[in-house]
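**Student:** one predicted model, sequence on top.
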Amino acid sequence: METAELKQQLKKQIIEFLNLISVKPEDIKDDEPLFGEGLGLDSIDSIELIVLLGREYGITIQDPKEGRKILVDINTMVSYIEQHRTK
């Protein structure tokens, strides 16, 4: 899968997984922070995103510190998925 396709797929999955009904994939910028001022996600959402990575891509994240480095923005997540996915 091409990087652009993966970014689009991941945005759709985030919206669906987190039930962000008022957000469209095109509303999420690739380099926009997912937490805080950007998309405005919180710590509960980070757990959901870790579950998403496991379920959809076979990626297991045990250490919350590692999760914080991965769940920065779409670009960072896609880069990590491309390097570590098992599905």
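**Tutor:** Now that the structure is in, tell me what you want to look at.

**Student:** now the element after the lowest-mean-pLDDT helix or strand in the chain, going C-ward?
**Tutor:** Of all the helices and strands that make up the chain, helix 64-70 has the lowest average by mean pLDDT, DSSP states H and E, namely a mean of 87. Toward the C-terminus, helix 64-70 is succeeded by helix 74-84 as the next helix or strand (DSSP states H and E).

**Student:** relative to Tyr57, how far out is the spatially closest residue to Met1 that is not a sequence neighbour?
**Tutor:** Distances taken as C-beta to C-beta, 6 or more residues apart in numbering place Gln9 nearest to Met1, at 7.4 Å, with adjacent residues excluded. Every C-beta, even on glycine, is put in place using the N, C-alpha and C of the backbone. Going from Gln9 to Tyr57 by C-beta to C-beta, to the nearest Å gives 10 Å.

**Student:** what does Glu26 give?
**Tutor:** Taken as C-beta to C-beta, the span from Glu26 to Tyr57 is 22 Å.

**Student:** of these two, which one has the most company?
**Tutor:** Tyr57 (19 against 8; other C-beta atoms under 10 Å).

**Student:** relative to Ser46, how far out is the closest residue to that one other than its chain neighbours?
**Tutor:** Among residues not flanking Tyr57 along the chain, Arg85 sits closest, at 4.1 Å (C-beta to C-beta, 6+ apart). Separation of Arg85 from Ser46 (C-beta to C-beta) stands at 19 Å.
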